[in-house]
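1. Prediction below, plus the sequence it came from.
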Amino acid sequence: MAEGSYQVIFSGQIIEGAELEMVKRNVARVFTLDPERVEKLFCGRRLILKKHIDRLTAEKYQSTMQRAGAICVIEDAAQARPASSAADHPGSGETTSAPQQESEQRQAEATVSLAEAGAALAEQRAIPEANIDTTGMGMAEAGILLVEPRVMPEANIDTTGMDMAEAGVQLVESRAAPEANIDTSGMDMAEAGITLAEHVAVAAAEFDTSSMSLDAPGVKLVESKDVPVANIDTSHLSAD
């Protein structure tokens with residue numbers, strides 16, 4: 001970018017008749033800004049978007065912002081006067097031209113900055129092409145039935161012997177369950193932690209595996225025997 005004495009000023013003004021939220025979305029899309037930084041741009045304070053640029057570059061920024069619906073002012077810092085104002089653009093609202101404190105400008109520049117129009121803020125990752133084998137696929141014409149619909153037979157349910165009771169009617173009488181009559185007079189409960197039965201030690205299993213071995217996986221341990229086909233005389237049988 002060529003060095004110069006021009007700077008681009010934005011005070012949150014938008015073109016007359018434009019919707020503020022739409023302008024914010026346009027600016028966010030053009031300059032790839034997150035919502036928080038866009039809100040800082042439209043806070044109403046006088047912000048220096050770009051400085052130390054030549055007149056042609058400043059006009060490009062101004063034109064880009066104007067297409068998004070926002071009004072920028074170009075100033076020549078060397079002459080300390082506005083190079084263009086909102087009055088240069090028909091249909092634009094009023095803008096603040098009073099100079100702000102130098103400290104306020106430095107603070108605004110530190111929190112808000114715009115990259116050049118069209119600049120790539122993040123490296124684009126190449127997406128590999130999908131490798132799908134469609135040699136065995138085909139597409140039928142529009143309207144072709146791929147599967148024949150099956151006609152489902154109507155349910156043939158005999159409801160002549162059925163009836164429906166009124167809502168709330170008890171269909172089955174509930175039976176009272178007798179109380180459990182368990183004699184616990186001979187029972188007692190030991191204290192927590194008491195051993196109720198002595199632990200019997202179980203001897204470790206001893207297997208003689210000295211004569212055993214394992215075959216390799218896949219080895220057939222038993223030869224399969226051919227089973228003869230059943231020869232059953234059904235000539236004298238009949239189905240009723």
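-> Yep, that arrived.

2. Following the lengthiest helix in the chain in sequence, what is the next regular element?
-> In the chain, taking DSSP state H as the definition, the longest helix is helix 55-68. The first helix or strand that comes after helix 55-68 along the chain, using DSSP states H and E, is strand 70-76.

3. Note down every partner strand of that next one and its orientation.
-> Using DSSP bridges, strand 70-76 pairs in its sheet with strand 6-14 (antiparallel), strand 81-84 (antiparallel).

4. Ranked by average pLDDT, which of the ones you listed falls at the bottom?
-> Looking at the strands paired with strand 70-76, the lowest mean pLDDT belongs to strand 81-84 (a mean of 50).

5. okay, how far is it across stretch 169-189, tip to tip?
-> One end of stretch 169-189 to the other measures 47 Å (C-alpha to C-alpha, to the nearest Å).

6. Could I get the buried residue list for that stretch?
-> By 16 or more other C-beta atoms under 10 Å, stretch 169-189 has no buried positions at all. Any C-beta I mention is one placed from the backbone N, CA and C, and that applies to glycine too.

7. Can you give the distance from it to the centre of its chain?
-> On the basis of C-alpha atoms, centre = their mean, to the nearest Å, stretch 169-189 sits 56 Å off its chain's mean C-alpha point.

8. do stretch 130-144 as well
-> Its chain's C-alpha centre and that of stretch 130-144 lie 29 Å apart, by C-alpha atoms, centre = their mean.

9. Likewise for stretch 209-222?
-> Distance of stretch 209-222 from its chain centroid, counting by C-alpha atoms, centre = their mean, is 54 Å.

10. Same question for stretch 11-29.
-> 29 Å.

11. So which bits of that stretch are buried?
-> For stretch 11-29, burial by neighbour count (16+ other C-beta under 10 Å) applies to Ser11, Gly12, Gln13, Ile14, Ile15, Ala18, Val23, Lys24, Asn26, Val27, Ala28.

12. just those residues now: which is nearest Gly168?
-> Gly168 lies nearest to Lys24 out of those, by C-beta to C-beta, at 60.9 Å.

13. and the residue lying closest to that closest one once chain neighbours are set aside, helix, strand or coil?
-> Nearest non-adjacent residue to Lys24, counting by C-beta to C-beta, 6 or more residues apart in numbering: Val38, 5.2 Å away. Of the three states, Val38 takes helix under DSSP: H, G, I helix; E, B strand; the rest coil.

14. Quick check: which ranges of the protein have low pLDDT?
-> Low-confidence segments of the chain, defined by pLDDT under 70: 1-2, 80-125, 240.

15. Can you give me the distance of Ser185 to Ile194?
-> Separation of Ser185 from Ile194 (C-beta to C-beta, to the nearest Å) stands at 21 Å.

16. Please apply the same query to Gln170.
-> In terms of C-beta to C-beta, Gln170 sits 50 Å off from Ile194.

17. re earlier: which two from the buried residues of stretch 11-29 end up farthest apart in space?
-> Taking every pair in these and measuring C-beta to C-beta, the maximum separation is 18.1 Å, between Ser11 and Ala28.

18. Now do the helices in the protein.
-> Assigned by DSSP H, the chain shows helices spanning 20-31, 35-41, 55-68, 102-111.

19. CA atoms of stretch 20-31 as PDB?
-> C-alpha atoms of stretch 20-31 as PDB (Å, rounded to 0.1, in the frame of the first residue of the first chain):
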ATOM      1  CA  LEU A  20     -28.700  -0.200  10.500                       C
ATOM      2  CA  GLU A  21     -28.700  -4.000  11.100                       C
ATOM      3  CA  MET A  22     -28.400  -4.700   7.300                       C
ATOM      4  CA  VAL A  23     -25.500  -2.200   7.100                       C
ATOM      5  CA  LYS A  24     -23.700  -3.900  10.000                       C
ATOM      6  CA  ARG A  25     -24.100  -7.300   8.300                       C
ATOM      7  CA  ASN A  26     -22.800  -5.900   5.000                       C
ATOM      8  CA  VAL A  27     -19.700  -4.400   6.700                       C
ATOM      9  CA  ALA A  28     -19.100  -7.700   8.600                       C
ATOM     10  CA  ARG A  29     -19.300  -9.700   5.400                       C
ATOM     11  CA  VAL A  30     -17.100  -7.300   3.300                       C
ATOM     12  CA  PHE A  31     -14.300  -7.000   5.800                       C
END
